[in-house]
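missing the sequence, but the structure's below:
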């Protein structure tokens, strides 16, 4: 028998200009029955009301890089998002406790990168990987990206309880609602809730033993000048691609003057998170990943 | 003989998160010869450095709605953009003078709407329309949108000198550089400079007498709830369309619950500026326009 899941959290608006999550939470608030299941409680919340109000990613710092244990325990950190993270940690966690208030967090994001439907997973937790594998089986076009993030493995909101991950759907411009991707994201949410209902009632047909993933290897910054300004753009060949297999010599950037800059790393890495608006300031033009099948 | 054009201005970064213009100005700054012509001076500038630094549309208010004569003359208006507008007006204008510092402004914008290459023109000025007609002839896929704007006909930066208009290219997310559209926007800039060189040297082959335009009729807001929150999204049929001809009964929105909301206005209007991120707060989900040929 599984240890039952008691409470699952759906979070949206962690980045205030990623509207899919903001409006899905609005929808569930209006009609909570949409996410009500028999065997567990579903909790949902807007996480960054300040950023949502301004329709910006954050007010002072990226909330979804603020859930490190050190940061949560550091009372000298008093920015808007540092204070908010501590509040959210009390609601959903506390992180590291044996008895967190929720068992699982799915955090809803959009990206300006053309990644389609993706799960970004940052944990070794077995249950999280079973959920991801189930979702992938139900929605085969979905991709699984294994990434500890750009600041370490414990800074995402989904790291508060033992289990969770981030849902990334795009391409969607910041500040825009796209109907097709709104409903696709909702489909992923419902599939996850279905998993937990099956899990709690011991009706899952199998335990997943393998999964195809994109495993992060490194991030690549834009070519920049001495003034730190970007002096080359993502090459058009990559722009519309979510998961692009690179071969030595492929053009990956094009300078403002029109000259191609080519890929010189090993063949077979995949570019993803290509041209995400919010990553310009983080020094990330794309991530490079190994595509592989891992044992669960 | 034409009255010669002495100085043409290219402005970018009027909205700080529309990066095409920001980086084209960077490019021209590095190599001014790219926009140097024999018969007139080309002036270029970043207009809203504060917004560019934050990568937001504006700091306190929309700079491109701040160039009304009343606002420019009102010393009690002291927001970041009000002060900036007065400074820019001194550089490029002053507005209403018989002897403005520049003769023409092309202001470079991007939009999250899939409008391709577009000129947004807000003036009756004959020279501006001749330029637009020349660009349309050189780049037939370009569209001309005649629009006084959402706040009146004199609030755009391009309204400072006697002649000018706005260039809109999309879809591009805010905060993103897209290589293909960067070079397409540069092509429009170069075509306009070519026009003035031909104009000044009396080498234009003709005077344009007709032009096909989309003439703004009205704007349409998102369906909203009592809390002012959007409760319907742009319908997927329209999302990827730049200029979409509407017929009675066409679905134009879909509610968060998946119900279509249909068009009930007269047949034959065109929807454009569909789902522009920056217009959510302005109450504009799309503009409706008449497609017609006008005499120049």
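Received the coordinates, thanks. Computed from a prediction, not measured in an experiment: that's the story for all the values here.

rest of the way, CA atoms for contacts and neighbours
OK.

Helix or strand with the lowest mean pLDDT in chain A?
Counting by mean pLDDT, DSSP states H and E, the weakest-scoring helix or strand in chain A turns out to be helix A:69-72, with a mean of 93.

which residues touch the helix or strand just after it?
Downstream of helix A:69-72, the first helix or strand assigned by DSSP states H and E is helix A:80-92. Helix A:80-92 is contacted by residues A:9, A:47-48, A:58-63, A:66-67, A:71-72, A:77, A:95, A:100-102, A:160-161 when judged by Cα atoms under 8 Å, 6 or more residues apart in numbering or on different chains.

residues in contact with the residue nearest to residue A:54 when sequence neighbours are not counted?
Excluding its sequence neighbours, the residue lying closest to residue A:54 (Cα to Cα, 6 or more residues apart in numbering or on different chains) is residue A:16, at 7.4 Å. Taking Cα under 8 Å, 6+ apart, we find residue A:16 in contact with A:22, A:48-58.

Select only the buried ones of the residues you listed in ChimeraX?
Only the buried entries of the contacts of residue A:16 go into this ChimeraX selection, using 16 or more other Cα atoms under 10 Å in any protein chain shown:
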select /A:22,48,49,50,51,52,55,56,57,58
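
would you list the contacts of residue A:16 in TSV and tack on pLDDT and secondary structure?
Below are the contacts of residue A:16 laid out as TSV (pLDDT from 0 to 100; DSSP: H, G, I helix; E, B strand; the rest coil):
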residue	pLDDT	secondary structure
A:22	98	helix
A:48	98	coil
A:49	98	helix
A:50	98	helix
A:51	98	helix
A:52	97	helix
A:53	96	helix
A:54	94	helix
A:55	95	coil
A:56	96	coil
A:57	97	coil
A:58	97	coil
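
List just the nearest of the contacts of residue A:16 to chain B.
Nearest to chain B among the contacts of residue A:16 is residue A:56, at 8.1 Å by Cα to the nearest Cα.

Need the phi and psi values for the closest one.
Main-chain torsions, residue A:56, degrees, to the nearest 10: phi -120, psi 170.

That one contacts residue A:15, correct?
Yes - shown here, residue A:56 and residue A:15 form a contact pair, counting by Cα atoms under 8 Å, at 7.1 Å.

give me the residue from the stretch 151-296 of chain A nearest chain B.
Nearest residue of the stretch 151-296 of chain A to chain B: residue A:173, at 4.3 Å (Cα to the nearest Cα).

give me the number of residues near that residue?
As a burial measure, residue A:173 scores 29 neighbours (other Cα atoms under 10 Å in any protein chain shown).

Which helix or strand contains it?
Going by DSSP H and E, residue A:173 is not in any helix or strand.

which residues sit in contact with it?
By Cα under 8 Å, 6+ apart, the contact set of residue A:173 is A:111-112, B:112, B:172-174, B:277.

do residue A:194 as well
So residue A:194 contacts nothing (Cα under 8 Å, 6+ apart).

And it, how far from residue A:8?
Here the criterion is Cα to Cα, to the nearest Å. By it, residue A:194 lies 11 Å from residue A:8.

Can you list phi and psi of residue A:279 for me?
For residue A:279, the backbone dihedrals (degrees, to the nearest 10) come out as phi -90, psi 0.

With adjacent residues omitted, what lies nearest to it?
In space, residue A:279 is closest to residue A:285, 6.7 Å off (Cα to Cα, 6+ apart).

residues near the one you found, how many?
Residues lying near residue A:285 (other Cα under 10 Å) number 24.

Over to residue A:212?
Around residue A:212 there are 15 other residues, counting by other Cα under 10 Å.

I figured it was touching residue A:290, is that so?
No - the criterion here is Cα under 8 Å, and residue A:212 misses it with residue A:290 at 10.3 Å.

And the helices in the stretch 151-296 of chain A?
Here the stretch 151-296 of chain A has its helices, by DSSP state H, counting those that start in this stretch, at A:179-200, A:236-239.

buried sites along the longest one?
Yep, that's helix A:179-200 we're talking about. Those would be A:179, A:181-186, A:188-189, A:191-197, A:199-200, for helix A:179-200 by 16+ other Cα under 10 Å.

same question, the last one
When burial is assessed from 16+ other Cα under 10 Å, helix A:236-239 yields the following buried residues: A:236, A:238-239.

And that helix, what does it pack against?
Helix A:236-239 is packed against strand A:251-255, with contacts defined by 3 or more Cα pairs under 8 Å, 6 or more residues apart in numbering or on different chains; DSSP states H and E.

which helices and strands sit right next to the strand it packs on?
In terms of contacts (3+ Cα pairs under 8 Å, 6+ apart), strand A:251-255 is packed against strand A:232-234, helix A:236-239, strand A:260-262.

Mind putting those into a markdown table with mean pLDDT?
Below are the helices and strands packed on strand A:251-255 laid out as a markdown table (pLDDT from 0 to 100):
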| stretch | mean pLDDT |
| --- | --- |
| strand A:232-234 | 98 |
| helix A:236-239 | 97 |
| strand A:260-262 | 98 |
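
okay, the ones you listed in a markdown table with distance to residue A:106 next?
What follows is those, written out as a markdown table (distance: least, Cα to Cα, whole Å):
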| stretch | distance to residue A:106 |
| --- | --- |
| strand A:232-234 | 30 |
| helix A:236-239 | 27 |
| strand A:260-262 | 37 |
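
quick one: which of the ones you listed is nearest residue A:216?
helix A:236-239 (17.6 Å; Cα to Cα).

For my notes, confirm residue A:136 occurs in a helix.
Yes - checked against DSSP: H, G, I helix; E, B strand; the rest coil, residue A:136 lies within a helix.

That one and residue A:142, how far apart?
Here the criterion is Cα to Cα. By it, residue A:136 lies 6 Å from residue A:142.

more neighbours, the two?
The residue with more neighbours, out of residue A:136 and residue A:142, is residue A:136; 21 against 18, by other Cα under 10 Å.

ok, the more buried one touching residue A:145?
No - Residue A:136 lies out of contact with residue A:145 (Cα under 8 Å); the separation is 11.6 Å.

Which residues of chain A lie near chain B?
Residues of chain A lying near chain B by Cα under 8 Å from any Cα of the partner chain: A:23-24, A:27, A:112, A:172-180, A:233-236, A:239, A:254, A:256-257, A:275-278.

So how do I select the buried members of these in ChimeraX?
Buried residues among the residues of chain A next to chain B (16+ other Cα under 10 Å), as a ChimeraX selection:
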select /A:23,24,27,112,172,173,174,175,176,177,178,179,233,234,235,236,239,254,256,275,276,277,278
